[in-house]
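Trainee: Based on what follows, work out the 3D shape:
(one chain, ligands or ions: 1)
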Amino acid sequence: MDRTAWIRLGSAFWHFVSWTAQSWRTILVCLVIGNVLLIADHEAAGVAVFWVVPAWCAFRAAWEALSPLTYEGVLGGPLRRHGWRRRARKEWARVAERCGLAWPWERGKRKTIPRLLRVHASDNTLSLRVRAAVGQTVDDLNQAVEAIATAFEAESAESRRVAPGVVEIALTMRELLHEPTTPQAPHELEVDAVTLGRRSDGSPWRLDLNGLHTLVVGRSGAGKGSIFWGIAGNLAPAAHAGLVRLWGIDLKGGVEVAVGARMFSSVAMDEQSALTLLRSLQQVIVERQGAMRGRSRQFEPSPGDPAHVLLIDELAVLTGYASRDVVNEGNTLLKRILTQGRALGVMVVAFVQDPRKETVGMRELFTQTIALRLASSSETRMVLGDGYGDVAPAHRIDRTMPGAGYVVRDDGVVERVRADFWPDDVIRTVAERYPAPAAPVDWYENRTPVPLASVVTADMDGAPRPRRRSPRSASGPEDSEAV
Ligand SMILES: Nc1ncnc2c1ncn2[C@@H]1O[C@H](COP(=O)(O)OP(=O)(O)OP(=O)(O)O)[C@@H](O)[C@H]1O
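Mentor: Numbering: from 1, shown residues only. As a prediction, the model looks like this:
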């Protein structure tokens with residue numbers, strides 16, 4: 001027998017013992033019934049009743065060891081979720097009171113607690129729908145979410161307001177994000193959204209890009225690289241087909257972007273070329289505004305007229321730490337791109353370690369945020385906003401889980417996610433398979449930058465959001481088999 005078989009056998013034995021021990025009440029009942037049957041001269045039935053619990057536990061343990069997937073789907077998962085639901089209903093009053101949610105409506109009298117409206121369990125998540133008691137607010141419930149999660153022994157918790165005074169608390173009862181994963185080989189022409197990893201319930205994490213600017217914040221080593229390459233790598237087939245144009249700025253000496261630079265049409269690794277690149281992207285916006293004015297308010301990418309995605313690694317170098325002239329112009333250009341670009345198919349994804357106002361003065365122009373591991377609760381609130389410290393506690397993400405974080409979408413919904421890890425050889429393979437289409441030499445450098453003053457600013461705030469697009473049929477990449 002190999003090592004895996006021994007491990008399975010050991011785990012099956014352990015489950016047999018622990019399930020049998022947990023069923024001690026049922027075993028006592030069986031002993032009584034069995035003895036009664038023996039006394040009444042029904043020997044076979046009595047012995048059968050004695051052994052019914054151990055036999056059932058042995059059957060479960062064997063099934064789980066031999067076919068874990070069918071066991072989980074048919075018996076293990078439903079039984080576990082039934083237990084969670086039962087426990088939540090039974091213990092809610094006590095937990096709510098201990099977590100500070102009991103509300104003394106009259107001194108010395110009975111306390112009221114928030115009402116548990118619905119208990120639902122699916123996959124690894126237990127959801128509690130709770131209505132705040134009179135005198136409480138949704139914020140009071142949100143503040144207690146961590147304590148509730150601890151009381152129910154949940155791995156983590158998220159909450160969202162679903163109606164006035166009503167909050168849905170999603171408790172992750174089994175952590176599915178511990179194990180790192182690597183990506184599927186990209187081969188589809190994706191423009192609007194990319195699959196970056198998993199959500200806390202194990203479902204795929206799709207990040208919407210269409211008409212959105214994304215800010216990714218995380219301490220050093222938090223796994224920003226996974227998201228950088230998740231986006232670039234998944235867009236690479238569409239970039240290769242001419243539906244997307246990838247632009248990259250990496251002012252940390254190009255260390256990050258160099259590995260897969262061939263996916264990008266334009267890359268800047270020093271301050272001056274970063275400014276040139278930004279001016280060129282702004283020029284794209286100006287030209288597109290001219291082309292669309294009076295004809296269309298919604299941009300549709302097509303080969304030759306692609307969506308533009310700018311990825312900036314370490315935004316703070318450009319907007320905070322570079323020389324003053326570069327910082328001034330970089331900030332101005334980027335703000336204009338952020339305010340005007342999204343309706344015109346120009347999206348920005350920026351990565352930053354240090355999210356303070358002095359370094360990133362344009363945080364509010366990003367329409368969605370991904371918070372990876374952060375240093376403190378005040379940093380979480382700074383990045384995500386005041387109400388998110390408890391709902392998306394990025395400062396509590398463990399160091400051993402790089403790539404894990406919270407997404408705060410543009411509609412305010414919070415998702416707990418973990419990105420797939422992109423090893424260098426996968427990045428290189430994708431870059432070789434899907435290089436950016438050959439652009440005219442120095443395409444972007446030869447464009448005449450338009451002076452900032454002449455840029456049309458009419459649509460800065462009221463810009464229409466493009467409708468959801470699906471890539472037009474285009475001649476796909478020739479070779480699209482797995483990497
Ligand atoms: N999604 C992931 N799953 C598992 N491990 C990961 C993941 N992402 C990153 N790692 C591990 O964490 C290390 C640091 O990741 P990464 O370089 O992406 O961090 P970073 O946030 O970009 O840091 P810095 O800002 O210092 O460059 C990687 O070398 C890798 O070993």
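Trainee: which residues touch A58?
Mentor: When contacts are counted by C-beta atoms under 8 Å, 6 or more residues apart in numbering, A58 is found next to F16. For glycine as for every other residue, the C-beta is placed from the backbone atoms N, C-alpha and C.
Trainee: And E97, by the same measure?
Mentor: When the contact criterion is C-beta under 8 Å, 6+ apart, the partners of E97 are 111, 113.
Trainee: Now do it against the ligand, distance only.
Mentor: Using C-beta to the nearest ligand atom, to the nearest Å, we find E97 at a distance of 39 Å from the ligand.
Trainee: and what of G253?
Mentor: Taking C-beta to the nearest ligand atom as the measure, G253 and the ligand are separated by 11 Å.
Trainee: So for that residue, what's the pLDDT?
Mentor: The predicted local confidence for G253 comes out at a pLDDT of 78.
Trainee: Doesn't it lie inside a helix?
Mentor: No: according to DSSP: H, G, I helix; E, B strand; the rest coil, the state of G253 is coil, so it is not within a helix.
Trainee: That one touches D313, doesn't it?
Mentor: No: G253 sits out of contact with D313 when judged by C-beta atoms under 8 Å, with a separation of 10.3 Å.
Trainee: neighbour count winner among these two?
Mentor: Neighbour comparison, G253 and D313: the larger count goes to D313, with 24 against 11 (by other C-beta atoms under 10 Å).
Trainee: Tell me what that one is bridged to.
Mentor: The partner list for D313 in beta bridges (DSSP bridges) reads D250.
Trainee: That one touches V352, doesn't it?
Mentor: No: when contacts are counted by C-beta under 8 Å, D313 is not listed as touching V352 (9.0 Å).
Trainee: got any residues that touch both of those two?
Mentor: When contacts are counted by C-beta under 8 Å, 6+ apart, D313 and V352 have no shared neighbour.
Trainee: so what's the residue of the chain found nearest the ligand closest to, chain neighbours aside?
Mentor: Using C-beta to the nearest ligand atom, the point where the chain gets nearest to the ligand is G403, with a distance of 2.2 Å. Closest residue to G403 in three dimensions, ignoring its sequence neighbours and counting by C-beta to C-beta, 6 or more residues apart in numbering: G223, at 3.5 Å.
Trainee: list the contacts for the one you found?
Mentor: Counting by C-beta under 8 Å, 6+ apart, the residues that G223 touches are 372-373, 402-405, 419, 421.
Trainee: Make TSV out of those residues and add neighbour count and secondary structure.
Mentor: Below are these laid out as TSV (neighbours: other C-beta atoms under 10 Å; DSSP: H, G, I helix; E, B strand; the rest coil):
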residue	neighbour count	secondary structure
L372	28	coil
R373	22	coil
P402	22	coil
G403	27	coil
A404	27	strand
G405	29	strand
A419	30	strand
F421	18	coil
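Trainee: Mind picking the two most distant members of the residues you listed?
Mentor: R373 and F421 (14.7 Å; C-beta to C-beta).
Trainee: re the thing from before, what does the model give the residue of the chain closest to the ligand for pLDDT?
Mentor: For G403, the pLDDT comes out at 95.
Trainee: Might one say that it is in contact with P180?
Mentor: Yes: G403 sits in contact with P180 when judged by C-beta under 8 Å, with a separation of 7.1 Å.
Trainee: Can you work out which residues contact both of those two?
Mentor: Where contact means C-beta under 8 Å, 6+ apart, the residues bridging G403 and P180 through contact with each are 418, 421.
Trainee: Flag the shaky bits of the chain, pLDDT-wise.
Mentor: Judged by pLDDT under 70, the chain has its weakly predicted residues at 1, 104-109, 294-298, 357-359, 439-483.
Trainee: what's near enough to touch the most centrally placed residue in it?
Mentor: Central residue check for the chain by C-alpha atoms, centre = their mean: the C-alpha nearest the mean position is that of V417, 3.1 Å away. Residues counted as contacts of V417 (C-beta under 8 Å, 6+ apart) are 177, 196-200, 205, 370, 404-407.
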